[in-house]
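# My questions are about this predicted structure, shown below with the sequence.
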Amino acid sequence: VEKIRIQEVALTGGVSANSGLRRAANQYCREKGLNLYVPKPAYCMDNAAMIATAAHYKLASGITSPLTLTADPAATLA
């Protein structure tokens, strides 16, 4: 079995805007000799906010879903 050495780490998504997490990840990667890539906080989007915005406009247009709707990770916003 060949061992793979991780050399680069990306911290992304809404959670990457957390300053404490950014500091901890930076310190850990420095100590381990890893390259850390973190986008500027302005580019750290929260998917929940985007979904809520889409839901707002659908509701405003009179489009609703039944309360019996189940979670579907492959669902579209169409």
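Thanks, I have it.
# alpha carbons only for contacts and neighbour counts from here, please
OK.
# give me the low-pLDDT residue ranges for this protein?
Across the chain, the ranges flagged by pLDDT under 70 are 78.
# Just confirm residue 9 is within a strand.
Yes. The assignment for residue 9 by DSSP: H, G, I helix; E, B strand; the rest coil puts it in a strand.
# Looks like it contacts residue 33 (just checking).
No. Counting by C-alpha atoms under 8 Å, residue 9 sits too far from residue 33 to count as a contact (10.7 Å).
# what about residue 67, which SS state?
Here residue 67 is recorded as coil under three-state DSSP.
# and the gap between the residue nearest the centre of the chain and residue 32?
For the chain, residue 13 is the residue whose C-alpha lies nearest the centre (C-alpha atoms, centre = their mean; 2.6 Å). From residue 13 across to residue 32, the span is 23 Å (C-alpha to C-alpha, to the nearest Å).
# contacting residues for the nearest residue to residue 47 once chain neighbours are set aside?
The shortest distance from residue 47 to any non-neighbouring residue, by C-alpha to C-alpha, 6 or more residues apart in numbering, is to residue 14 (7.2 Å). For residue 14, the contact set (C-alpha atoms under 8 Å, 6 or more residues apart in numbering) comprises 44, 45, 46, 47.
# now do residue 22
Residue 22 makes contacts with 11, 16, 38, as judged by C-alpha under 8 Å, 6+ apart.
# Which of those residues ranks first by neighbour count?
Sorting the contacts of residue 22 by how many neighbours each has (other C-alpha atoms under 10 Å) puts residue 16 first, at 21 neighbours.
# Show the residue spans covered by the strands in this structure.
With DSSP state E applied, the chain shows strands at 8-10, 35-37, listed in chain order.
# Would you mind finding the most buried of those strands?
Counting by mean count of other C-alpha atoms under 10 Å, strand 35-37 has the highest mean neighbour count of the strands of the chain, with a mean of 14.
# quick one: strands adjacent to that strand?
strand 8-10 (parallel) (DSSP bridges).
# any idea how far residue 16 is from residue 41?
From residue 41 across to residue 16, the span is 7 Å (C-alpha to C-alpha).
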